[in-house]
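Student: the amino acid sequence is not available; the structure is as follows:
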């Protein structure tokens with residue numbers, strides 16, 4: 001381990017280097033407790049500020065040289081990969097300056113470190129209960145990744161990226177693909193993928209309805225980082241197609257037990273046959289039944305859905321919008337060995353939160369890094 005450029009600690013500097021990730025993780029350490037990763041360490045990928053801010057998508061394949069830059073202004077750190085911002089972090093605690101050092105020297109070349117001479121002192125950032133939960137989760141390796149975000153009702157890509165970096169939660173931005181949606185064919189799906197190239201996000205397909213499997217080619221589907229769906233659109237035993245969040249389509253439910261048995265049958269069929277990665281909005285019930293959630297979702301019904309998710313290799317979303325599944329369902333799924341993800345399912349900019357329900361469930365259900373799924377990248 002060798003000092004890069006300074007014989008003494010410099011609190012403010014810009015570091016630029018060519019780096020290459022490989023089988024053995026390397027890193028750049030500075031200010032006593034900060035380290036920028038090059039390579040993987042658990043869920044953390046290249047560009048992560050280890051134990052503080054995670055990057056969960058591998059933007060550069062192993063063995064390929066790329067540009068890594070870090071701008072450090074005391075307790076504020078910005079990290080870029082090939083000029084793309086991947087981390088923006090401000091420590092709430094005072095830092096102890098220390099010169100940057102390398103480990104894994106064969107992963108770096110063409111190093112340059114430039115002092116920043118101006119005064120960079122600013123007031124510390126505000127810290128609330130959610131930001132503390134996110135920080136604590138990072139120390140435990142739990143991925144702060146919201147894999148169910150939509151650009152809707154005026155929320156722009158630029159706003160989403162800025163919020164993602166500010167909150168320290170990496171987003172998966174999804175397009176709704178299926179019957180009755182603007183994206184109904186391969187060409188439209190590819191256009192969405194192209195529109196998000198070069199951004200520090202995952203790119204996702206939300207597969208809508210059961211018709212989507214005939215509407216999109218496997219070649220195009222596999223260009224998304226992952227695919228998720230739910231069991232909120234299905235056809236009942238009388239041939240009636242319904243979207244269960246629309247009361248008029250559900251209509252009067254004469255026999256709640258029959259409805260639940262059909263819902264579970266459809267959910268199990270989806271999880272076992274549709275080749276998706278995440279089961280979103282899990283255990284959702286129409287308004288007509290939601291008040292009886294705990295009794296209608298019997299242990300037998302829960303076990304069928306959980307077993308189907310595990311069998312199909314499908315992660316179960318902890319959904320911020322609907323606060324689903326319930327704590328008791330998550331505890332049962334964890335005990336069975338299921339994997340989880342976080343998902344907001346926002347309707348626009350105003351309800352794009354910080355996965356608050358998810359962090360609550362992490363604490364309540366004692367979830368750890370091993371309980372979470374992330375997409376494998378690059379494809």
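Tutor: Thanks, I have it. What you see is a predicted model; the values in this text were computed from it and never measured.
Student: now this protein, which segments are flagged as low pLDDT?
Tutor: Along the chain, the parts satisfying pLDDT under 70 run over 1-8, 23, 119-124, 377-379.
Student: in the helix or strand hosting residue 136, what's buried?
Tutor: Residue 136 belongs to helix 129-139 when assigned by DSSP states H and E. If you call a residue buried by 16 or more other CB atoms under 10 Å, then helix 129-139 has these buried ones: 130, 131, 133, 134, 135, 137, 138. Glycine gets a C-beta too; all of them are placed from N, C-alpha and C.
Student: and for stretch 253-272?
Tutor: Those would be 259, 260, 262, 263, 264, 266, 267, 268, 270, 271, for stretch 253-272 by 16+ other CB under 10 Å.
Student: the last one against residue 312, yeah?
Tutor: Yes - Residue 271 sits in contact with residue 312 when judged by CB atoms under 8 Å, with a separation of 4.7 Å.
Student: picking up where we left off before, list the contacts of the helix holding residue 136.
Tutor: 51-54, 92, 144, 167-169, 354, 356, 359, 362-363 (CB atoms under 8 Å, 6 or more residues apart in numbering).
Student: now name the helix or strand holding residue 80.
Tutor: strand 76-81.
Student: chain center to the lengthiest helix in the chain, what's the gap?
Tutor: Across the chain, the longest stretch assigned as helix under DSSP state H is helix 256-273. Helix 256-273 has its C-alpha centroid displaced from the chain centroid by 27 Å (CA atoms, centre = their mean, to the nearest Å).
Student: what do you get for stretch 312-326?
Tutor: Using CA atoms, centre = their mean, the offset of stretch 312-326 from its chain centre is 13 Å.
Student: first-to-last residue distance for that stretch?
Tutor: 21 Å (CA to CA, to the nearest Å).
Student: now the common contact residues for residue 271 and residue 312.
Tutor: Overlap of the contact sets of residue 271 and residue 312 (by CB under 8 Å, 6+ apart) is empty.
Student: outline the domain layout of the protein.
Tutor: 12-115, 129-371 (automatic domain parsing).
Student: end to end, how far does the first one reach?
Tutor: Taking CA to CA, the span from the opening residue of domain 12-115 to its closing residue is 6 Å.
Student: wait, residue 342 touches residue 147, no?
Tutor: Yes - here residue 342 reaches residue 147: they are 6.7 Å apart, a contact under CB under 8 Å.
Student: which neighbours do these two have in common?
Tutor: Listed as contacting both residue 342 and residue 147 by CB under 8 Å, 6+ apart are residue 317.
Student: the more surrounded of the two?
Tutor: Taking other CB atoms under 10 Å, residue 342 and residue 147 do not tie; residue 147 has more neighbours (29 against 26).
Student: that one belongs to a strand?
Tutor: Yes - Residue 147: assigned to a strand according to DSSP: H, G, I helix; E, B strand; the rest coil.
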